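Engineer: Any chance you could fold what I've pasted below:
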Amino acid sequence: MQNYTNVCKKSKDFKAINPSMNPSSIPPGTHVAPLKLRDVSNLLSKHFGDDWMSLNTLSFYKNLTMAESEDDNPQDVCQNNDDESYLLQV
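Structural biologist: Numbering: from 1, shown residues only. Now for the predicted structure:
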């Protein structure tokens, strides 16, 4: 049998948590640091197990990690950029 601990601050209880606060998206153009994404992914894996991406309630985090991993490929940007105005001139 597991021992469960309170996740709230001392003077707060679980009823104070707003259930309607379910994140759906972040504003476009907002960059999330790769280390933060890794930490969030590790925490979700520890709490919900390695198959946390299959849980519908965590779809926000799944979509966030998938979108950021697609955006963080600098080789694609460099190879696909044919516009010479971005070239650095020294």
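Engineer: I'd say Val40 and Lys62 touch.
Structural biologist: No: taking contact to mean C-beta atoms under 8 Å, the distance of 10.8 Å between Val40 and Lys62 leaves them out of contact. C-beta: built from backbone N, CA, C; applies to glycine.
Engineer: In contact with Ser45, which residues?
Structural biologist: Neighbouring residues of Ser45 by C-beta atoms under 8 Å, 6 or more residues apart in numbering: Trp52.
Engineer: Name the helix or strand for it, please.
Structural biologist: Here Ser45 sits within helix 34-48, counting by DSSP states H and E.
Engineer: Tell me the buried residues in that helix?
Structural biologist: By neighbour count on 16 or more other C-beta atoms under 10 Å, the buried set for helix 34-48 is 37, 41, 44.
Engineer: Now that helix: average pLDDT?
Structural biologist: Taken as a whole, helix 34-48 has a mean pLDDT of 90.
Engineer: re the thing from before, among the buried residues of helix 34-48, which one lies nearest to Ser54?
Structural biologist: Leu44 (11.6 Å; C-beta to C-beta).
Engineer: mind checking how far the nearest residue to Leu55 once chain neighbours are set aside is from Tyr61?
Structural biologist: For Leu55, ignoring the flanking residues on the chain, the nearest one in space by C-beta to C-beta, 6 or more residues apart in numbering is Phe48 at 6.3 Å. Remark: distance between Phe48 and Tyr61 (C-beta to C-beta, to the nearest Å) = 10 Å.
Engineer: got any ranges where this structure has weak pLDDT?
Structural biologist: Of all residues in the chain, those with pLDDT under 70 make up the ranges 1, 14-24, 68-90.
Engineer: which residue ranges form the helices in it?
Structural biologist: According to DSSP state H, the chain carries its helices in the segments 34-48, 59-71, 74-80.
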